[in-house]
Structures are given as structure tokens and as C-alpha cells.
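Engineer: I'd like to go over a predicted model; first the sequence, then the structure.
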Amino acid sequence: MFEFTKNNVNIAYQYINKKIINDDSYLVSTCNFNVEQEKKANRSLINVVDIEGDVDPKLLLEWCNTYLSTKQFEALRAAIRKKMSRQNLRTTMIEIPISSYYGINELAVQSKLSIKDYLIQLIERERKINKPPFAQLKKQRKENV
């Protein structure tokens, strides 16, 4: 059985709120709610948030089980998975000349690695050899931001 966690409960709450705000018929059309039932659902959604602004995972799950259809709940879970994967995967892009790309690709193929894995391995090796002062570099990055 699915349960909300401290990590995903706010994502779920924001998703539901956004759906209700942006789609007047979110609860009415898919759950065959009348206007009064929709108002009750909206009022009870407010109750899942405590006085300090924290969302209670158990209360939100109860709300979802009461007011969301199976299809809506599955969409919510998919949105949570998507958002969590994006939060966990922090990446950046770099631009290099195409000739350098081909050179890196050849070296990666010789090492039987992807370009990404080859570059990570190369950077780690350089770090071990040169032992750069990470704390100083980190401090400089913060000052430049």
C-alpha cells in the first residue's frame, strides 16, 4: 500500500492544490461530485496542514482515498515520482568543440565506458593526483553567485 513520506508529501499537496485551482472540475467531473461535496473536499484538504504549515502524510492519504479516483491517485503518484527523480538528479551541461567531443568519445570507447562515465573517471583521477583545495574553490563559487 502506498504511503506519503516526509520527502514527497509536500509535492503531493502542491500537486493537488494546483489541480484544484487550475481545473474547476477536477473533483466534480471525475468523482461525480456535486458542488457541495467539492466544497467539503476543499475544506477538508485545508485540514491536512497543521498550524505550523506542515502537511500530515496520514491525513493527506486519507483525503486522497476519500476524494480522488484511482486514476487521479495514479496520476498523483506519477507526478511525485517525476518530481522526485528530477530533484535527485542534479546535472549540468557543457559545450565543447565537436573535434574535442570525437576525441573524448574515442577515448571512452577504448576504455569501454560511456562519455559521461569516462569524464567522471578522468576527473576523479585528476583530483587524486592534484588534490585541489576544494574548500577554497567552494568558497569562491559561493562568493561569485
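Structural biologist: Perfect, thanks for sending it.
Engineer: so what's residue 119 closest to, chain neighbours aside?
Structural biologist: residue 104 (7.0 Å; CB to CB, 6 or more residues apart in numbering). The C-beta positions use only the backbone N, C-alpha and C, and glycine is treated the same way.
Engineer: I'd guessed the one you found sits against residue 117; true?
Structural biologist: No - assessed by CB atoms under 8 Å, residue 104 is found out of contact with residue 117, at 11.4 Å.
Engineer: re earlier: buried residues, the helix or strand encompassing the residue nearest to residue 119. List them.
Structural biologist: Here residue 104, judged by DSSP states H and E, is contained in helix 98-110. For helix 98-110, a neighbour-count test (16 or more other CB atoms under 10 Å) marks residue 108 as buried.
Engineer: domains in this structure, as residue ranges please.
Structural biologist: Recorded structural domains for the chain (assignment: automatic domain parsing) are 9-88, 91-132.
Engineer: sweet, I'm off.
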